[in-house]
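> Structure of the sequence below:
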Amino acid sequence: MIRSKDIAEHYIWGEGCDGWKLVNDPDISIIHEKMPAGTCETRHYHETARQFFFILSGTVELEIDGVTSSISQQEGMEVHAGTPHQIFNRSHEEAEFLVISSPRSAGDRIELP
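Numbers count the residues shown, from 1 in each chain. Predicted structure coming up:
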């Protein structure tokens, strides 16, 4: 089955960010996300989900357990289960990326202050 954000389930998160559920199975999820310039998500962790963020366009900053890295197009980073993290788009352009989670992260998110 061909999957694309044009036909995937869509949702809005954060400050006007978009997500499209390309794969949403209990053992894995693949979400195409778009963050406008100047947005971020809240700091959190997942109890069981391991995640990989792969940047399709733009540049983001990913803070993982207190260490912030800049990730550009065609680069990615892994976040292990139980590790606090937060993604930021501090650039002046929107960013698009894939978030691959195993098992899926729905219902597994613990918000942090």
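> if you skip the residues just before and after it, what's nearest to residue 99?
Nearest non-adjacent residue to residue 99, counting by CB to CB, 6 or more residues apart in numbering: residue 31, 4.7 Å away. Bear in mind the C-beta positions are built from the backbone N, C-alpha and C, glycine included.
> can you map out the strands along this structure?
Using DSSP state E, the strands found in the chain span residues 9-13, 17-25, 28-35, 39-40, 44-46, 50-57, 59-64, 67-72, 76-79, 85-89, 95-102, 109-111.
> quick revisit: quick one: contacts for the residue nearest to residue 99?
When the contact criterion is CB atoms under 8 Å, 6 or more residues apart in numbering, the partners of residue 31 are 19-22, 98-99, 101.
> For the residues you listed, work out which two are farthest apart.
Looking at the contacts of residue 31 by CB to CB, the two members farthest from one another are 20 and 101, with 14.1 Å of separation.
> which one of these two has more residues nearby?
residue 101 (24 against 19; other CB atoms under 10 Å).
> rewinding a little: export the contacts of residue 31 to a markdown table and tack on pLDDT and distance to residue 86?
As requested, these are exported to a markdown table (pLDDT from 0 to 100; distance: CB to CB, whole Å):
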| residue | pLDDT | distance to residue 86 |
| --- | --- | --- |
| 19 | 98 | 16 |
| 20 | 98 | 21 |
| 21 | 98 | 21 |
| 22 | 98 | 23 |
| 98 | 98 | 18 |
| 99 | 98 | 13 |
| 101 | 98 | 16 |
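> I'd like to know how many residues surround residue 3.
Using other CB under 10 Å, residue 3 has 13 other residues around it.
> Relative to residue 105, how far out is it?
Using CB to CB, to the nearest Å, one obtains 18 Å as the distance from residue 3 to residue 105.
> From the centroid of this protein, which residue is nearest?
Most central in the chain under CA atoms, centre = their mean is residue 99, positioned 4.4 Å from the mean C-alpha point.
> show me what contacts it?
The contact partners of residue 99, taken as CB under 8 Å, 6+ apart, are 29-31, 33, 51-53, 105.
> next one: residue 101
Under the criterion of CB under 8 Å, 6+ apart, the contact partners of residue 101 comprise 28-31, 46, 49-52.
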